[in-house]
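Colleague: coordinates for the following, if possible.
(one chain, ligands or ions: 3)
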Amino acid sequence: MMRPALPPAVAFEAAENEGSNPTRQPTIGDLIATRLSRRDLVKGLAAVSVATELIWPEALAAAPALDKPVPDNQAASFDFVELPVAPYSETHRVAEGYDADILIRWGDAVLPDAPAFEPGKPDPAAQMKQFGYNNDFLGFIPLDGSASHGLLVVNHEYTNGELMLPGLAPRSDKNADFSAVTREIVDTEMMAHGGSVIEIRRENGKWQVVPGSRYARRITAETDMAISGPAAGHDRMKTSADPTGTRVKGMLNNCAGGVTPWGTWLTCEENVNGYFWGKDPDAPMTRDERALARYGIPGEWYAWGQHHDRFNVRREPNEPNRFGWVVEIDPLDPASTPVKRTALGRFKHEGAGNIVNRDGRFVVYQGDDERFDYVYRFVTEGKVDIANRTANRDLLDRGTLSVARFHADGTGEWLPLVHSQPNKDGQVWLSEAFGFKDQGDVLIHTRLAADMLGATRMDRPEDIDVNPKTGKVYVMLTNNAKRKATETDAANPRAENLFGHIIEIVPDGGDHAAPTFRWEILLKCGSPEVAEVGATFAAGTTANGWFGMPDNCAVDADGRLWVATDGNQPKRTGRADGIWAVETEGAGRATSRCFFQVPIGAEMCGPCFTPDLETFFVAVQHPGETLDDAETASTFEKPSTRWPDFKDGMPPRPAVVAITRKGGGKIAG
Ligand code: FEO
Ligand code: CA
Ligand code: CA
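Modeller: Residues are numbered from 1 along each chain as shown. Ligands and ions are numbered 1, 2, ... in the order given. Here you go, the predicted model:
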């Protein structure tokens, strides 16, 4: 096994988010000049006892609790004993008194006739029937009103070829030679993307996938989908395979999402740029190509363009316009056609946190996960009809998409992205004069439209969720090491923001459709032990309780905030990614506690509760991915962990974990 060692620096980059917002005039190759010296890092890590040499997992199992017990005077909403953090571990870890059982893994059967998983063998036909790779968003849709029986909808965001199959380079390797990537491998990757619908049931306290379910479904990068809303049929959506601009094959890089009150699944396309080929640095750029570049297209992270013309922008220039949307899927009808809802805009969607506004309109909050990109809100024109689910079928096709501007005085406004509409100064920005012929253009080029309106450039907006009890909205801003001191603002106050922060938005008058809001920073993340980091965890937070890089989140039915992280590593924060419970109200506000940690190399995704709060589903994504400081790459042949099977020859497998309380009862209840 690899044995990671502490590196001399803490600079790091998230390969999938290069920052493409030119309004800040980014310097290419402007890598992080971190404030943290090695001495500071060691000081920070000393708090978790890994200052000089990391301990390999065998030793961690016996590791003592790392800090004082959780104070009972502050963290009052969550009743659990904090998990002592580990810098890394071969397997997952959960707070004492809880079980964390594997529900389904990459390669397990989804469709009834799925063949058994065979490690190391590309097989598109098998993969299209099996559970896909890199499970991300999880949504639970109860059947018959039951909290113990329902459908679990799962996004499969992307693939890690180097861990799935022998002989492949990591996705993050920008000089990867794609010559070894055969058509069969590409097609297997395409089948491992998309999503899964599985029927699950809890019996005798344990969750199982119901075999042979009539609801079982795999969505892939080839599934037929419809395009609806204002951009459907637009000239920029037309391709040689689809001259109507209304049908598309597949969805890509589906990251987080949401479940609607009428029981549909909103699944959000994020880093779609990486799939497209066609870089030509010598060709003069057309306006359309400049627009593609604002989206980081073509990214050339995968070999798909080598075998499929539609993923090469030189051959099919409009194909990328058909990706980067929110897709609505009805999991109760396995024959239904997934629909790309263009009214919600096109960008690197993280999720689709939502609420029914007090006037009955449906409101979706969305982050665009890129450095210096934006926070959005969509408000439907029509109202939700809870009694008649089919009445909501096309609700998401009409409404207003807006982008957030955060003012320094703690107020903010939603700027409507509406063609030809004057702003409050009477200026019309979204018009033909500025390259937007119609509303379809505004939506296909949402990022460019938001640039025109002067939206606030954020530190990588990830998940946004609404507290059903209070109506407060939590925005995860994961990090932005590229923000310079001259570029800080009230909502993004830290230069070289390595560890991210969380903003709380309060809609004016409790109205989620209001044009204005108030906001404040709930939490600046990172080590409270290192003064220069400027973290603001409340005093009751222990050395286990703080975290960096908030990514996904869930607000449970009791209104409690749970944060899933992406990017904590031994050399960055001295801890693996996981789930932290964060107090949002009262004296304990901004106190945080560790509940769960992922196995080495993984990222934490998909936090999702059953309605009775007795089960907490989480998604472990890319277990075994190479750590920053690893001496050798973690690969199929020699992975850093073989979680969750731990069998020779079996690669690590992304999997969904069901967390329940030993003996039953509410999670942290
Ligand atoms: Fe797929 Fe923003 O993470
Ligand atoms: Ca994410
Ligand atoms: Ca993530």
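
Colleague: distance of the closest residue in space to Cys525 that isn't next to it in sequence from ligand 3?
Modeller: Leaving aside its sequence neighbours, Cys525 sits nearest to Phe499 (Cβ to Cβ, 6 or more residues apart in numbering; 4.3 Å). No exception for glycine: its C-beta is placed from N, CA and C like everyone else's. Per Cβ to the ion, to the nearest Å, Phe499 is found 15 Å from ligand 3.

Colleague: wouldn't Phe499 be in contact with Phe537 here?
Modeller: No. Look at Phe499 against Phe537 with Cβ atoms under 8 Å: they stay out of range, at 10.9 Å.

Colleague: if we can go back for a sec, pLDDT wise, what is the residue nearest to Cys525 at?
Modeller: What the model reports for Phe499 is a pLDDT of 98.

Colleague: how about Arg290?
Modeller: 89.

Colleague: quick one: which helix or strand includes it?
Modeller: helix 287-294 (DSSP states H and E).

Colleague: mind giving me the packing neighbours of that helix?
Modeller: helix 446-453 (3 or more Cβ pairs under 8 Å, 6 or more residues apart in numbering; DSSP states H and E).

Colleague: C-terminal to the helix it packs on, what's the next element?
Modeller: Following helix 446-453 in sequence, per DSSP H and E, is strand 461-466.

Colleague: run the angle between the helix or strand that comes right after that following strand and strand 461-466 for me.
Modeller: Note on strand 461-466: by DSSP H and E, the next helix or strand toward the C-terminus is strand 473-477. Angle of strand 473-477 versus strand 461-466, following axes from the mean of the first three to the mean of the last three Cα atoms, to 10 degrees, is 170 degrees.

Colleague: what strands line up against strand 473-477, and which way round?
Modeller: strand 461-466 (antiparallel), strand 501-507 (antiparallel) (DSSP bridges).

Colleague: alpha carbons of that strand, as PDB, please.
Modeller: Extracted C-alpha coordinates of strand 473-477, given in PDB (Å, rounded to 0.1, in the frame of the first residue of the first chain):
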ATOM      1  CA  VAL A 473     -30.900  29.300   3.000                       C
ATOM      2  CA  TYR A 474     -27.400  27.900   3.400                       C
ATOM      3  CA  VAL A 475     -24.800  28.400   0.700                       C
ATOM      4  CA  MET A 476     -21.700  26.300   0.700                       C
ATOM      5  CA  LEU A 477     -18.700  28.100  -0.800                       C
END
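
Colleague: for the nearest residue to Pro334 once chain neighbours are set aside, give the beta-bridge partners.
Modeller: Nearest residue to Pro334 in three dimensions, chain neighbours excluded: Arg217, at 4.7 Å (Cβ to Cβ, 6+ apart). Note on Arg217: beta-bridge partners by DSSP bridges are Val197.

Colleague: for Arg217, give me its contacts.
Modeller: Going by Cβ atoms under 8 Å, 6 or more residues apart in numbering, Arg217 touches Val110, Leu111, Ser196, Val197, Pro331, Pro334.

Colleague: give the buried subset of the residues you listed as a PyMOL selection command.
Modeller: Listed next is the PyMOL selection for buried residues among these, using 16 or more other Cβ atoms under 10 Å:
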select buried, resi 110+111+196+197+331
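
Colleague: can I get the contacts of Arg217 in TSV including distance to Pro416 and pLDDT?
Modeller: Shown next, in TSV, are the contacts of Arg217 (distance: Cβ to Cβ, whole Å; pLDDT from 0 to 100):
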residue	distance to Pro416	pLDDT
Val110	41	98
Leu111	43	98
Ser196	36	99
Val197	35	99
Pro331	32	98
Pro334	37	98
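
Colleague: closest one of the contacts of Arg217 to ligand 2?
Modeller: For the contacts of Arg217, the minimum distance to ligand 2 (Cβ to the ion) is 18.1 Å, reached by Ser196.

Colleague: in which helix or strand does the nearest residue to the closest one once chain neighbours are set aside reside?
Modeller: Leaving aside its chain neighbours, Ser196 sits nearest to Val154 (4.6 Å; criterion: Cβ to Cβ, 6+ apart). If you go by DSSP H and E, Val154 is part of strand 149-156.

Colleague: and that strand, C-alpha only, in PDB?
Modeller: Output of strand 149-156 as PDB, limited to C-alpha atoms (Å, rounded to 0.1, in the frame of the first residue of the first chain):
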ATOM      1  CA  HIS A 149     -39.600   1.600   1.800                       C
ATOM      2  CA  GLY A 150     -38.900   3.900  -1.100                       C
ATOM      3  CA  LEU A 151     -36.900   4.800  -4.100                       C
ATOM      4  CA  LEU A 152     -33.300   6.000  -3.900                       C
ATOM      5  CA  VAL A 153     -32.300   8.100  -6.800                       C
ATOM      6  CA  VAL A 154     -28.500   8.400  -7.300                       C
ATOM      7  CA  ASN A 155     -26.300  10.500  -9.500                       C
ATOM      8  CA  HIS A 156     -23.200   9.000 -11.100                       C
END
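
Colleague: what is the mean pLDDT for it?
Modeller: Taken as a whole, strand 149-156 carries a mean pLDDT of 98.

Colleague: show me what it is packed against.
Modeller: strand 135-142, strand 194-203, strand 254-259, strand 265-269.

Colleague: run a quick neighbour tally on the closest residue to ligand 1 within the stretch 101-250 of the chain.
Modeller: Nearest to ligand 1 in the stretch 101-250 of the chain, going by Cβ to the nearest ligand atom, is Glu157, at a distance of 5.6 Å. Counted with other Cβ atoms under 10 Å, the neighbours of Glu157 add up to 30.

Colleague: ok, it - contacts?
Modeller: Asn134, Asn135, Asp136, His193, Asn253, Asn254, Cys255, Glu270, Cys605, Gln621.

Colleague: can you turn the buried part of those into a PyMOL selection?
Modeller: Burial among the contacts of Glu157 is assessed by 16+ other Cβ under 10 Å; the matching PyMOL selection reads:
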select buried, resi 134+135+136+193+253+254+255+270+605+621
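
Colleague: make CSV from the contacts of Glu157 and add pLDDT and distance to ligand 2 to it.
Modeller: Output for these, formatted as CSV (pLDDT from 0 to 100; distance: Cβ to the ion, whole Å):
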residue, pLDDT, distance to ligand 2
Asn134, 98, 11
Asn135, 98, 12
Asp136, 98, 7
His193, 98, 16
Asn253, 98, 10
Asn254, 98, 11
Cys255, 98, 5
Glu270, 98, 7
Cys605, 98, 7
Gln621, 98, 9
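
Colleague: and Leu430, what is it in contact with?
Modeller: With Cβ under 8 Å, 6+ apart, Leu430 has these contacts: Leu417, Val418, His419, Ser420, Gln421, Phe436, Val442, Ala449, Met452, Leu453.

Colleague: what sits closest to the residue of the chain found nearest ligand 2 if chain neighbours are left out?
Modeller: The nearest approach of the chain to ligand 2 comes at Asp551, 4.3 Å away (Cβ to the ion). Spatially, and ignoring its direct neighbours in sequence, Asp551 is nearest to Asp566 (3.9 Å; Cβ to Cβ, 6+ apart).

Colleague: got it, and Ala147?
Modeller: Nearest residue to Ala147, sequence neighbours excluded (Cβ to Cβ, 6+ apart): Asp612, at 3.8 Å.

Colleague: quick one: the one you found is in a helix?
Modeller: No. Using DSSP: H, G, I helix; E, B strand; the rest coil, the secondary structure at Asp612 is coil, not a helix.

Colleague: having no further points to raise, I will conclude here.
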